[in-house]
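J.: Okay, sequence plus prediction incoming.
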Amino acid sequence: MLAATVRLTCALPAGKKSGTVTPTLEKLTQLYHRPLFDLIGESRRTHLEFWNKNEVQLCTLLSVKTGGCSEDCGYCSQSAHHDSGVERQALMTVDDVLPVAQMAKANGSTRFCMGAAWRGVRKGEPKFDRMLETVREVSRLGLEVCVTLGQLGDDEANDLRDAGLTAYNHNIDTSPEHYSYIVTTHTFQDRLDTIGAVQRAGLSVCCGGIIGMGESVTDRLRMLEVLCNFDPPPESVPINCLMPMPGTPLEDEPPVDVFDLVRMIATARIMLPKAKVRLSAGRSRLSREAQALCFYAGANSIFYGDRLLTAGNPGVDDDRQLLEDLGLVAQAPHSEQHIH
């Protein structure tokens with residue numbers, strides 16, 4: 001079956017063996033379609049078993065190279081294929097990035113994420129050397145460091161690990177079947193190959209997807225099925241809601257129903273109990289009450305700060321007030337599993 005193929009294609013780190021029982025699409029479908037209160041009741045019990053109930057990981061995301069990307073991802077305003085009006089910005093220097101990272105830490109973030117709009121990186125390229133230097137300096141601040149730099153291989157993954165990288169973000173975006181409707185300049189298998197390199201380097205994998213791109217519920221659950229087949233599982237799973245950007249092919253897609261988002265978060269929490277489930281892009285379109293329901297259903301990570309690459313995000317003061325009102329506190333850096 002396809003899920004097994006995906007599992008075997010993602011190369012396993014040394015010492016890991018495949019063959020464990022993984023959830024099927026049928027099981028995920030049955031779980032997802034349970035009565036909502038039954039579903040979130042189970043996801044809450046799972047959350048309390050594996051995590052401190054009141055902790056939320058605070059992450060800051062910075063676009064260190066903006067616009068002009070050669071890929072044609074239909075959701076992305078940074079693609080050179082789309083007339084989105086995003087201004088191109090060259091790769092930031094270490095001196096440009098460090099003050100932003102220092103401010104993020106001062107504001108309470110424990111993970112600093114950097115994204116670059118390009119196809120990928122290769123060892124020996126000046127832009128990759130600059131990113132390695134930036135990772136080294138940010139890691140010295142005591143922050144967890146995550147980057148998303150597109151495609152990479154074993155050499156690049158090993159160099160990033162040695163520089164102090166904590167995690168590598170490379171979302172699979174959607175199901176294997178729906179992927180070619182969203183992106184044509186690279187394949188779903190290309191995504192898996194990069195994730196395999198990250199796993200072989202022993203880095204944590206941050207991998208999730210986007211809902212609201214015209215996909216079916218089955219596509220969303222197939223995406224979760226692929227994630228559940230990773231060995232080891234992803235360390236963090238961002239659940240993004242599409243932010244329709246002007247000038248992109250998906251600019252007219254309707255907003256995601258809040259209950260559909262809650263069902264995705266709850267299902268991810270149950271099936272990936274040790275992963276941080278990140279309530280990611282699209283939070284600016286959610287009410288405080290909707291965000292509270294997402295936290296209750298199992299989300300325990302957010303992007304913190306008023307910007308996500310090129311899209312808006314709730315302000316720091318608004319997030320501080322929301323967390324305070326809900327009795328939630330920031331998770332400590334480098335937190336793994338927390339059984340209270």
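T.: On my side now, so go ahead. Numbering: from 1, shown residues only.

J.: Return the longest strand in this protein, judged by number of residues.
T.: strand 55-65 (DSSP state E).

J.: Mean confidence (pLDDT) on that one, please.
T.: Per-residue pLDDT over strand 55-65 has a mean of 92.

J.: What's the first helix or strand after it?
T.: helix 94-106 (DSSP states H and E).

J.: ok, residues contacting stretch 259-268?
T.: 28, 31-32, 36, 39-40, 42-43, 211, 217, 220-221, 224, 227, 237, 239, 241, 275, 277, 279, 282, 286, 290, 293-294, 297-299 (Cβ atoms under 8 Å, 6 or more residues apart in numbering). Placement of C-beta: from N, CA and C, glycine included.

J.: That should have said stretch 121-140, apologies.
T.: Under Cβ under 8 Å, 6+ apart, the answer for stretch 121-140 is 64-65, 91-94, 97-98, 101, 112, 114, 116, 118, 145, 147, 149-153, 155-156, 159-160, 163-166.

J.: Can you give me the distance of the residue positioned nearest the centre of the chain to residue 159?
T.: In the chain, the centroid-proximal residue (Cα atoms, centre = their mean) is residue 238; its distance is 3.4 Å. From residue 238 across to residue 159, the span is 24 Å (Cβ to Cβ, to the nearest Å).

J.: Averaged over its residues, which helix or strand of this protein has the lowest pLDDT?
T.: Taking mean pLDDT, DSSP states H and E as the measure, the helix or strand of the chain with the lowest value is helix 2-9, at a mean of 36.

J.: give me the number of residues near the nearest residue to residue 60 once chain neighbours are set aside?
T.: In space, and not counting its chain neighbours, residue 60 is closest to residue 104: 3.7 Å by Cβ to Cβ, 6 or more residues apart in numbering. Counted with other Cβ atoms under 10 Å, residues neighbouring residue 104 total 25.

J.: Would you check how far apart residue 104 and residue 139 are?
T.: Taken as Cβ to Cβ, the span from residue 104 to residue 139 is 13 Å.

J.: now do residue 87
T.: Counting by Cβ to Cβ, the gap from residue 87 to residue 139 is 29 Å.

J.: Settle it for me: which of the two has more neighbours?
T.: Neighbour count, other Cβ under 10 Å: between residue 87 and residue 139, residue 139 has more, with 17 against 9.
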